[in-house]
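[1] Sharing a model prediction with you, sequence too.
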Amino acid sequence: MRRRPGRSAGLLSAGVLLLAGGVLTGCGSGDDGSPSSSAAPEIEVSGAYMPAPSMDTMAAGFLTVTNSGGTDTLTSVTSDLSDDVTLHSTEGGAMREQTSFTVPSGGTLEFASGGDHLMFAKLTHKPEQGEKVSVELHFAKSGTVRISMPVKSATYSPKTGH
Ligand code: CU
């Protein structure tokens, strides 16, 4: 999303803003390449998928959130597949609902099979393999990130560690 100033006045004020921003960020942020935890988060979502559920009552979703900026928090998830999406952790084989997940500064938040996951209940329909489910991730600082979550086979597992 690039904003193009249409007038010279716009260019001028943009220049002033850049200058002011430079002065502000130069003050007190340890700029050694690693993001300080108070910096603005930079969120990226990758590897999202949903194993095709066998029933139309419940489905799980997996993805990785990468954060190259400051700390953020995933506070909720919404989807047109379900009005009841919750965040779950898995502890000792038991699922537990969580109200939020931290996305650490310069780190990742991973939802993976057998671990933390998104839980979709009361599905509006049974998602079939090949379908794409629209999912919105709501972050405390970054706001809403909309992703398209592909539905994979029931036994799909992402290949890692090549
Ligand atoms: Cu669960």
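    Done, it's in.
[2] Contacts for the helix or strand containing Leu87 next, please.
    Here Leu87, judged by DSSP states H and E, is contained in strand 82-91. Outside strand 82-91, the residues that touch it by C-beta atoms under 8 Å, 6 or more residues apart in numbering are 59, 74, 76-79, 95-101, 114-124, 135. No exception for glycine: its C-beta is placed from N, CA and C like everyone else's.
[3] Cross these against strands and list the overlap.
    Assigned to strands by DSSP state E, the following of the contacts of strand 82-91 qualify: 59, 74, 76-79, 95-98, 101, 117-123, 135.
[4] and the gap between Gly114 and Arg96?
    14 Å (C-beta to C-beta, to the nearest Å).
[5] Okay, strands next: where are they in the protein?
    Taking DSSP E, the strands of the chain run over residues 43-51, 58-67, 72-79, 82-91, 94-98, 101-103, 108-111, 117-123, 132-139, 143-152.
[6] and the first one with strand 72-79, angle?
    Note on geometry: by axes from the mean of the first three to the mean of the last three C-alpha atoms, to 10 degrees, strand 43-51 and strand 72-79 are set 40 degrees apart in direction.
[7] same question, the fourth one
    Orientation check (the same axes, to 10 degrees): strand 82-91 against strand 72-79 gives 140 degrees.
[8] pLDDT below threshold where in this structure?
    1-35, 160-162 (pLDDT under 70).
[9] what does it have sitting close to the ion?
    88, 95, 119 (C-beta under 5 Å from the ion).
[10] residues touching the last one, list them.
    Residues near Met119 by C-beta under 8 Å, 6+ apart: 58-61, 85-88, 95, 97.
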